[in-house]
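Undergrad: just coords:
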Ligand SMILES: Cc1ncc(C[n+]2csc(CCOP(=O)(O)OP(=O)(O)O)c2C)c(N)n1
Ligand SMILES: Cc1ncc(C[n+]2csc(CCOP(=O)(O)OP(=O)(O)O)c2C)c(N)n1
Ligand code: SF4
Ligand code: SF4
Ligand code: SF4
Ligand code: SF4
Ligand code: SF4
Ligand code: SF4
Ligand SMILES: [Mg+2]
Ligand SMILES: [Mg+2]
């Protein structure tokens, strides 16, 4: 099994750390993982994306042009990455700020209103965990317990008291993700 | 015609400038010339030698291991360069400070008591010109007038008043050079 | 022996590996895309963990000369930088090589020339393997292609550096420096004690005890005859390195009709390109040099005898290909595919290049 | 046009040539065996003769960056140094190449690595032609073999540098720098006027007049796609250089059964060795590259088709031979004879080497 | 002393919402807009009409966002 | 005050004849020898027996040529 | 593109009090919101406009956040290698003495890797102007410790605060420059308030004027926030600067008319 | 090998007043006759012998005439790249804090190409000793102008005398070092008379002692003749030095116990 994922959005949205937790979760269940950010010259702001690969085998290229899954959190990223999802693959997006919704018919499309939900439940800082939960409910690549382990590993000790909130956010994500276009298998 | 010459002695003996005047004289009569010093790390003192080549053709290597002529002004140089004179070549030396006189039988050997003579006629600073004169009397490679022209060229203007003395020294060298071992032609 | 698993950036792996390899000192100056090395070290307080000295120097020139000073004491010392900073170290590197000192220099390459981009590149191959500094010298050059290798090669580089009394370089790039992968960490090795240093490096300037000759570390020899002897000694060492330390990795070579040659990040791209090509029925393999110096000459020769064409894939305008061509001597077609200035080629375009340049060309 | 004859050191010839070539500025730092360049210039007061600026900088790093600044103004500027100093210039050179600025750098090579000796050597060939700095760039490299060429190549280097907007290097050595030969001087060319500079180098930062876009000199491009374009432009320029500017000299090649390849001082030694060999009935000729970059590839290829073996003679441990081997592709035997660390081989030993390594070997 | 009245023009797209102008305005007639510009920044806007044209805001603005006008009245 | 008497030993081969010791000798009991050593340098030597062992000569000698001894007498 | 309750009575060309200089390009600066680089660029442009020397100026951008200064100043510019701007400026000024030549450099650039070029160009009395942005940190590379980072101050390479015994003292390079005989006018200013901006602008103007008079090196240090590197909002950062940096780097003229200002 | 009317009564081990230190090797120094490098080497050796720290010292030779210092001092030594000795010393001292680490550098080495390393090692307060031989010229390379060459002074690259307007001012780098908070003891001495040699020796000894006490950088400038470069006899050169260099580079302590000595 190899899963090639792109996560893309604005700088402050926690794109990189979502990828990191996913990757760490993979490690927790003995998978090979890679996490490849696109890094740019901007100091603050700007767009950010990260390619995460989870695999049972040695990972070849950590940089890809097509993906099994695209998790998309802003319009620029939608424009850039919608076309890169492999036919039959998955596109998960947060509709907040999205003007042009995805149109492809050959891929599975899900929507998650994570931004809104995060505001609603007062966990705006970990909005990305809601998205992660949504993704894992569609593709349960890593076991929930391993996600929590991964979370622990990737958070410095002084933030470990936030883990219950993170857990909650992930679970919330499980619940609120909605299918938009689901292919028949 | 190509003449390959090594001039060797102590640092302060004017070895390099003798070579320079010789080379300039060659230029004055349209020859190709090269002047290649051995340069070392010493600031003051130490030995010095220069390879001078005069030729009617393009000069190949400016650095040589055997010479048509060796002009030798101290014992170290004698030890080093006596063996490098080509058979039939010329070795000219100043006996002042020489403990072991040259012994080869297959080369022409001349002696010039230039040091002594320079002290005698009060021209110690241009002792090297006496040696040059001696050499030119044996091998008149360059015309006397070209030597004077070469001298003018190689001396900065402010020293041009010394040219008559130099001329005198060269002429004196013509006179005092003595054969030690002369091969039959 | 490996135990702990961590998800780390390549740059962090370098830093953690240094601490665990018993490195005595790191001296460096910030530059993207490798500043995490120094940042990680500072955050980890290795002076408390192992006594390792970590100093942010005023420049790369100072850094490499600090490395010189430390290495001359028999200490395990290192620096890291990226392309422009490494260029500034060329004089120092030549001195270190001339004085035969062991040390580690990490170059996390970015796109050049000049200030260039901060994106990954492999355009410092020539500088690393041909000698960017003056004089006849060689660095031992290791090219990691994964974060695990970033970690592992720190220890290996120190080992080779001390074995041969020669500076070693890890030639990485911004992609490997910035990406995270799983790293298996091994148990920390303690730093060498003073006694061990004297035993391992009796030539080191550790203070002259009564009864031993003074130790002198220099790259100067005013007498050219002696300098030539020193240089011949260096050359002998290099011949030995060339004989004994060629390292490489082969992929799918058994049945290969064609081959990629690539190092570092490029080799990862090629690996994916191989999957794509094989899916189309093209039997392509890969030879990945691990040591760029000594170059895996024998493996290249062998491969040249087996395949019908070699595509050298580099993130530069064609550098390693010169070494490949020199070895292959026209026996099979050797061509280059390169992207540069911070662009990483995609597996798809590499696969296509194989079809067009080598198979179809 | 040549008129005045002078006996000059190679280093002095460089300096005089600079003044007569209308050079606008020299920036340098003393180092043996080339300090005469700066000394001669200071003694000649070129600021009075032509208005040329001559400045002793605080270091080689400063020198090369002064050259950068001056070159960016469309001025004819230069520096000179010897091996360790040139190593310190590698970052600056990469910037200059990246920003596509014309300038002249003279390297009067001494024996390395490190502080080495002050005696002549050719061990900076790799650094000069492969890119001692980071990134994919090339210097135009001219290798004079006589004092006359030291003089002539200054003008030629500036010409090529401006034609291609590329830094040029004269790769000389201590022997040519320190020896005196006859030099034919040509009439001084005046320095370019401000108007000429604007015409010749419209890209130069000469102050932005109303009505033209501002001129920017930089080697930075944060967007890798744009950086790649810039790099491709550089590569195109290099292909053009390779096509149009290969320069070499042949000696006794018509009937040659064997050939020497050598540049600079080595080629002079080989010339004498040819005389010695031919006196023994050995028909040997020589191909002397004048441009080390672009390397005279076509001439080497042609020669490889004619002779039975090539002896590459260098005052180093084997550098140019790699280029020769890459071109010859095993068609004829190519071997190396080198002395180094400041040792100049004698014509006799070179002749012997030919017999032993190529003919007998 | 003649009374002065000023006004400003804000180039919204240049504004980065850094708020350093706010501090400098003696009449506190400016504030951050709740909306964002196309770069995603809340931008500075006028909230009152009390501008005295002192240009303080413009002078501390790092991004040259503000143009200031002033007339003497009375 | 007890009278002192000194003496010096000169390592001729190390001497470079720079003469800086001469200046420093209060008793002027040293001078340059007309002979040269094997390096060609005139070397410093004693010309009188008035040494007071002050070591001035040795202390300014760049080449560590001179060894100085001293005894109190009377 | 414009907003505000347009008061067309007042908004007329003849009533203009302040408008971004035409020597600034229309490019939006890449600096973080509130960064003093922008302000300093702006006033340099204003000085150039006011002195009417746009044709006569050559600027040198450093390596640092302001590496792209040439995108914002509408003048001929060169981008120097890290720390070497004064070397470039030296050559340019000597080759084109009638031009105005200035460098624009950060504290890492000028006071770390470029120390030698700074000291020697000042000591030679190069007739150039150096605008030195001291924000106590390496902004561009992500907030590492600079030579000017204060004692105890956190940065990505002094995550527990600058420890002087290990990392050395903060360096007052400007004071060294002032002590060299080749510097003529040396001052330290800031750009966080209108009054300070005005003073800094005046200092830069003075520097250019003295350059015209061939007085030797003129050197304007500008204290500035790096809110990103300091991990504060711009307004907090300016406050922090006043409270923490000003005591160590006091504002004011340091050398005037070639004479040290006695304190 | 010895000479003199051997007065065997006096020449006895027990009467020994002065003998070249055993920390000097027997190699004859390559320096020109009368060069102060030799004298300074000698007294460094004496200090090391007197403090009995031969085992504990690591010295750094520069690039300059004293590049071969390691041939003369019988201690472990390293030869640095031109100007970089303080960088080497920084690393050595930090890696082996119990050792005594000193650099020996010329004025070209320390004050031209090595300016940055000098300033920053001092500013970091590196616990090392720098012995700085200021002879106002580049001796080794044949007498070129140094940063310390006096105004009007001739050298091979200022053949008509140093012209300040073109070539810059002579640089008092020691004064800059003294102004940095990391330097603790800074002094300027000379070695042309017995009294001066004694003072210089004492200064070097003090420097080593303070290094033991981890006080920060100790810096001893030694004015010295370069008779070759100045084209004078050694005795003339020393006289010239007193008359010309001392006024510009006055002898004496500049910083003691971390405090500037007020003049
Ligand atoms: C030779 C070299 N070393 C290091 C770097 C990396 N680098 C780029 S900017 C910078 C520091 C910038 O700090 P500063 O000069 O204070 O400017 P700021 O960004 O704070 O304005 C560094 C270290 C480089 N580009 N080149
Ligand atoms: C990088 C580099 N640049 C230049 C040189 C040449 N060089 C050798 S010694 C020296 C100057 C020595 O002068 P100084 O430091 O004053 O020492 P001195 O000889 O006067 O004692 C120079 C420029 C070098 N070896 N390396
Ligand atoms: S001009 Fe003055 S009063 Fe008007 S908005 Fe700006 S700061 Fe406020
Ligand atoms: S200072 Fe300028 S950029 Fe900042 S909020 Fe005000 S107008 Fe906007
Ligand atoms: S010890 Fe004193 S008195 Fe004796 S020779 Fe030396 S200087 Fe003269
Ligand atoms: S000082 Fe020393 S070297 Fe000089 S003359 Fe006297 S004894 Fe000889
Ligand atoms: S990182 Fe700092 S210096 Fe750079 S633009 Fe942002 S605030 Fe300004
Ligand atoms: S050249 Fe000068 S510094 Fe060097 S040894 Fe001679 S006198 Fe001393
Ligand atoms: Mg800064
Ligand atoms: Mg000196």
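TA: Structure's in. What do you need? Since the model is a prediction, treat every value here as computed from it, not as a measurement. Ligands and ions are numbered 1, 2, ... in the order given.
Undergrad: and residue C:321, which helix or strand is it part of?
TA: In this assignment (DSSP states H and E), residue C:321 forms part of helix C:320-328.
Undergrad: that helix to helix D:320-328, inter-axis angle?
TA: Here helix C:320-328 points in a direction 70 degrees away from that of helix D:320-328 (axes from the mean of the first three to the mean of the last three CA atoms, to 10 degrees).
Undergrad: phi and psi next, for the closest residue in space to residue C:96 that isn't next to it in sequence.
TA: Leaving aside its sequence neighbours, residue C:96 sits nearest to residue C:167 (CB to CB, 6 or more residues apart in numbering or on different chains; 4.8 Å). C-beta here means a position set from N, CA and C on the backbone, and glycine is covered the same way. Taking degrees, to the nearest 10, you get phi -60, psi 140 for the backbone angles of residue C:167.
Undergrad: circling back to that earlier point, so which bits of the next helix or strand after the helix holding residue C:321 are buried?
TA: Remark: after helix C:320-328, the chain's next helix or strand is strand C:333-338, criterion DSSP H and E. Using 16 or more other CB atoms under 10 Å in any protein chain shown as the test for burial, strand C:333-338 gives C:333, C:334, C:335, C:336, C:337, C:338.
Undergrad: how about CSV for the residues you listed, with distance to chain G added?
TA: Shown next, in CSV, are those (distance: CB to the nearest CB, whole Å):
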residue, distance to chain G
C:333, 40
C:334, 36
C:335, 35
C:336, 29
C:337, 31
C:338, 25
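Undergrad: picking that back up, check the gap between the residue nearest to residue C:96 and chain E for me.
TA: 45 Å (CB to the nearest CB, to the nearest Å).
Undergrad: find the closest residue to ligand 2 in chain E.
TA: Closest approach of chain E to ligand 2 (CB to the nearest ligand atom) occurs at residue E:62, with a separation of 41.6 Å.
Undergrad: quick one: pLDDT of that residue?
TA: Here, the pLDDT recorded for residue E:62 equals 98.
Undergrad: in three-state terms, label it for me.
TA: Secondary structure assignment for residue E:62 (DSSP: H, G, I helix; E, B strand; the rest coil): coil.
Undergrad: which residues in chain A form helices?
TA: Assignment of helices within chain A using DSSP state H yields the ranges A:15-28, A:75-81, A:114-121, A:127-138, A:144-154, A:163-176.
Undergrad: circling back: from the buried residues of strand C:333-338, pick the one nearest ligand 8.
TA: Distance to ligand 8 across those (CB to the nearest ligand atom) is lowest for residue C:338, with 50.9 Å.
Undergrad: which one is that closest one nearest to, not counting chain neighbours?
TA: The nearest residue in space to residue C:338 (CB to CB, 6+ apart) is residue C:314, at 5.1 Å.
Undergrad: sorry, back to before: next, count neighbours for the residue nearest to residue C:96.
TA: 30 (other CB atoms under 10 Å in any protein chain shown).
Undergrad: ok, now which ones touch the nearest residue to residue A:171 once chain neighbours are set aside?
TA: With sequence-adjacent residues excluded and distances taken as CB to CB, 6+ apart, residue A:171 is closest to residue A:133, at 6.1 Å. Each residue near residue A:133 by CB atoms under 8 Å, 6 or more residues apart in numbering or on different chains is listed here: A:169, A:170, A:171, A:172, A:173, A:174, A:175, A:177.
Undergrad: and ligand 7, which of the residues you listed contact it?
TA: Applying CB under 6 Å from any ligand atom, the subset of the contacts of residue A:133 adjacent to ligand 7 is empty.
Undergrad: give the buried subset of those as a PyMOL selection command.
TA: Of the contacts of residue A:133, the buried ones can be selected in PyMOL as follows, counting by 16+ other CB under 10 Å:
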select buried, chain A and resi 169+170+172+173+174+177
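Undergrad: of the contacts of residue A:133, closest to ligand 10?
TA: residue A:169 (68.7 Å; CB to the ion).
Undergrad: tell me how far residue A:31 lies from ligand 8.
TA: 67 Å (CB to the nearest ligand atom, to the nearest Å).
Undergrad: and for the nearest residue to that residue once chain neighbours are set aside, the neighbour number?
TA: In space, and not counting its chain neighbours, residue A:31 is closest to residue A:54: 5.1 Å by CB to CB, 6+ apart. Under the neighbour criterion other CB under 10 Å, residue A:54 is assigned a count of 25.
Undergrad: residue contacts, residue A:54?
TA: A:1, A:2, A:3, A:5, A:22, A:23, A:26, A:31, A:32, A:33, A:141, A:142.
Undergrad: before we move on, what about residue C:300?
TA: C:261, C:287, C:324, C:327, C:328.
Undergrad: which ones are touching the residue nearest to residue A:78 when sequence neighbours are not counted?
TA: Leaving out its chain neighbours, the residue that sits closest to residue A:78 by CB to CB, 6+ apart is residue A:72, at 5.1 Å. If you count contacts by CB under 8 Å, 6+ apart, residue A:72 has them with A:8, A:9, A:78, A:81, A:82, A:91, A:92, A:93, A:94, A:102.
Undergrad: what bridges to residue A:72?
TA: Beta-bridge partners of residue A:72, counted by DSSP bridges, are residue A:8, residue A:93.
Undergrad: follow-up on the earlier one: ok, of the buried residues of strand C:333-338, which one's closest to residue A:37?
TA: Residue A:37 has its nearest neighbour among these in residue C:338, at 23.5 Å by CB to CB.
Undergrad: just checking, the closest one touches residue C:320?
TA: No: with contact defined as CB atoms under 8 Å, residue C:338 does not count as touching residue C:320 (9.9 Å).
Undergrad: mind listing the shared neighbours of these two?
TA: residue C:314.
Undergrad: does stretch C:19-27 reach chain G?
TA: No: on the criterion CB under 8 Å from any CB of the partner chain, stretch C:19-27 is out of touch with chain G, staying 11.4 Å away.
Undergrad: is that stretch in proximity to chain H?
TA: Yes: using CB under 8 Å from any CB, a contact is recorded between stretch C:19-27 and chain H, made by C:24, C:25, C:27.
Undergrad: and the gap between the last one and residue C:161?
TA: Going back to what we said before, that points to residue C:27. Residue C:27 sits 16 Å away from residue C:161, going by CB to CB, to the nearest Å.
Undergrad: so what's the closest residue to residue G:28 other than its chain neighbours up against?
TA: Spatially, and ignoring its direct neighbours in sequence, residue G:28 is nearest to residue E:14 (5.6 Å; CB to CB, 6+ apart). Contacts for residue E:14 were tallied using CB under 8 Å, 6+ apart; they are E:63, E:64, E:65, G:28.
Undergrad: out of these, which are buried?
TA: Here, 16+ other CB under 10 Å leaves E:63, E:64, E:65, G:28 buried among these.
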